[in-house]
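*Asks:* can't give you the sequence, but here's the structure:
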């Protein structure tokens with residue numbers, strides 16, 4: 001399993017990460033009248049923007065320093081886990097994994113993959 005450095009080990013720079021999510025998933029993190037996403041913004045310190053939704057998939061943009069983005073993703077993952085636990089009774093069916101689909105500009109793909117896939121291989125360990 002991949003290991004993550006603690007957010008405080010990283011330089012304090014502003015990053016933007018974009019995700020593509022299904023409408024149902026987005027609804028889960030927005031909450032009624034936006035109460036959940038508002039709480040996530042306050043607790044993480046990250047800016048979280050969700051594209052307007054007249055299509056089945058929406059783009060979620062998370063902007064902030066490394067620590068705030070880490071907190072935002074932790075809150076989002078915990079919400080999805082909570083939703084899954086409410087849907088699936090323990091021991092009945094295997095729990096599906098939580099999957100995030102990142103939107104990465106072509107110009108940055110090389111720095112994520114590494115030479116010969118070295119960074120991907122390292123993160124898989």
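*Replies:* Arrived safely. Note that the coordinates shown come from a computational prediction; the quantities given were computed from them, not determined experimentally.
*Asks:* got the contact list for the longest helix seen in the chain?
*Replies:* For the chain, the helix that runs over the most residues, judged by DSSP state H, is helix 66-87. Contact with helix 66-87 is made by 4, 7-8, 10-13, 15, 17, 25, 28-29, 36, 40-41, 43-46, 48, 62-64, 95-96, 98, 100, as judged by C-beta atoms under 8 Å, 6 or more residues apart in numbering. Just so you know, the C-beta spots here come from the backbone N, C-alpha and C atoms, and that holds for glycine as well.
*Asks:* From residue 54, how far off is the residue nearest the centre of the chain?
*Replies:* Centroid check for the chain by C-alpha atoms, centre = their mean gives residue 73 as the closest residue, at 4.4 Å. Remark: distance between residue 73 and residue 54 (C-beta to C-beta, to the nearest Å) = 26 Å.
*Asks:* Ok, residue 74 next?
*Replies:* As for residue 74, its distance to residue 54 is 30 Å (criterion: C-beta to C-beta).
*Asks:* same question, residue 13
*Replies:* Per C-beta to C-beta, residue 13 is found 34 Å from residue 54.
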